[in-house]
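Have a look at this fold, sequence not included:
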């Protein structure tokens, strides 16, 4: 080896060493966030101030309206008093948290902040103007982040001289209770900014998830499956809003159905998000909104806030829709379950035996028996046509979700199903006092459709590399309150079943909204979990 090459290598080693030292120093500096500015004294700003102050950070709450600042301080004081009264925190901790909060109506008060979190009105032009003003006030080391839920971080940062220090920091309302925070890297964001935000989130007692700057980030993107598909089902006149919700709660195991959730968040908010994400993804069919939402928003029917939505509300309480009782049990000689779908046949047969039904075991139904099909992604009409069945006696039973884990069953009828046989099936399936929802023909029932869309959209988020599979599941389970993350849900329900449902729905309807994600398709082909990534990657 020549002296020249040795010197070159030594120089390189020293350069790498100094680079690493500088990086370590920068990382340590980023982790020393102690003074946090919060711009905006609304509900989101107050929530962020609360968890930051409780974590021992010095917080400067900025708003141009002094009355809003005073109202925020009073609200925070009342919150901490209540928490102390309930022994959630000590009186000393409540006093210390309040002492950590400093009000400011002059932006100059943010000059010494290590981090400023913007939580003002959701308009790009206003946010950009604020960030320009902020850059002229704070130090070069100060991190600038936006709590935006729908605007591009890259677009916000484009107004700044130093876009590398700008990132997204999306909290959910109510902040103290919603324990997940999305950390979003813009195209020009320094990764160390996101790293510092991840660490700070842990300090404040919340769970961070990391995302690329794409419309909807993780949670609002992944949430399209529930609401948009629920609206689509209602638009097809398959069944009522309340029945869709009941199926999703009691059959699929979700805490709330799509229409309860939209009434809670406010349809004016939910529909605007649907339209925004649909347009930002250049009219992606998976995210297509429904005119049901457009008409209701135009009429000011938003949900709980207007005392009327998909449900009526009296004194803030949802008025429960009374379901009619199941028909009285009728005598039926035999039940024949289609063999076209092996898993569906096995699950339906086991359930019917437990209900005391006599099963006809032939390869074709006899002349006087109830016919049950178990489609995955198909409707009853398609099954009747493909299998050459008697349409008047044929009903469909959803077997995707484990019957032992559910409190509701879904029965589907075609336009040709005789009401007599519908009642026979309804009475039989409800004979053990489990609720039965009877719906009109639908490619994929209700629970199949919505769950398949939830899984498929999450798969596409993973395919696009917007977030890791683990962070997708963590964000959705914490941010939307689903019983499990969407990728884990796909694994539990069966990835091959989800793929089959999507393919059949696409074939029956011709709608590209149901086309399967490549992430799902490839993992089914390879026998992999949806949470699994390439070994060593």
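In hand now; what should we look at? The structure displayed is predicted, hence computed values, not measured ones.

Name the nearest residue to residue 423, sequence neighbours excluded.
Among residues not flanking residue 423 along the chain, residue 327 sits closest, at 4.2 Å (CB to CB, 6 or more residues apart in numbering). Where C-beta positions appear, they are placed from N, C-alpha and C, glycine not excepted.

Tell me where the stretch 1-150 of the chain has helices.
3-31, 43-54, 66-85, 91-99, 124-135 (DSSP state H, counting those that start in this stretch).

Quick one: residues in contact with the helix or strand harbouring residue 225.
Assessed by DSSP states H and E, residue 225 sits inside helix 224-235. Residues from elsewhere that reach helix 224-235 (CB atoms under 8 Å, 6 or more residues apart in numbering): 216, 239-241, 244, 248, 254, 257-259, 261-262, 270, 274, 277, 286-293, 442, 446, 449-450, 453-458, 480, 486, 513.

these two touch, right, residue 464 and residue 213?
No. Counting by CB atoms under 8 Å, residue 464 stays clear of residue 213, with 11.8 Å between them.

more neighbours, the two?
Under the neighbour definition other CB atoms under 10 Å, residue 464 and residue 213 were set side by side, and residue 213 has more, 21 against 13.

quick one on the thing from earlier: quickly, which of the helices of the stretch 1-150 of the chain bottoms out on average pLDDT?
When the helices of the stretch 1-150 of the chain are compared on mean pLDDT, helix 3-31 scores lowest, with a mean of 44.

that older thread, pull the distance from the helix holding residue 225 to the chain's centre.
On the basis of CA atoms, centre = their mean, to the nearest Å, helix 224-235 sits 13 Å off its chain's mean C-alpha point.

And stretch 402-416, by the same measure?
Distance of stretch 402-416 from the chain centroid (CA atoms, centre = their mean) equals 25 Å.

Report the rounded mean pLDDT for it.
So the average pLDDT for stretch 402-416 ends up being 96.

Over to stretch 380-393?
98.

Flag every buried residue along it.
Residues of stretch 380-393 classed as buried by neighbour count (16 or more other CB atoms under 10 Å): 380, 381, 382, 383, 384, 389, 391, 393.

where are the low-confidence patches of this protein?
1-31 (pLDDT under 70).

Let me see the contact set for the residue lying closest to residue 508 once chain neighbours are set aside.
Excluding its sequence neighbours, the residue lying closest to residue 508 (CB to CB, 6+ apart) is residue 443, at 4.1 Å. Each residue near residue 443 by CB under 8 Å, 6+ apart is listed here: 377, 378, 379, 382, 449, 504, 505, 508, 509.

Next one: the residue most central in space within the chain from residue 426, what distance?
When the chain is reduced to its mean C-alpha position, the nearest residue by CA atoms, centre = their mean turns out to be residue 223, at 3.3 Å. Distance from residue 223 to residue 426, counting by CB to CB, to the nearest Å: 33 Å.

quick one on the thing from earlier: what's the first helix or strand past the helix holding residue 225 going along the chain in contact with?
Where DSSP H and E defines the elements, the next helix or strand beyond helix 224-235 is helix 241-250. Outside helix 241-250, the residues within contact range by CB under 8 Å, 6+ apart are 226, 230, 233-234, 238, 254-260, 310-311, 321, 323, 406-408, 410, 435, 437, 439, 446-447, 450.

Any buried residues in helix 241-250, and which?
In helix 241-250, counting by 16+ other CB under 10 Å, buried: 241, 242, 243, 244, 245, 246, 247, 248, 249, 250.

Kindly reformat the residues you listed as TSV containing distance to residue 334.
As requested, those are exported to TSV (distance: CB to CB, whole Å):
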residue	distance to residue 334
241	36
242	34
243	29
244	32
245	35
246	30
247	28
248	33
249	33
250	29
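
Of those residues, just say which sits nearest to residue 166.
residue 248 (38.4 Å; CB to CB).
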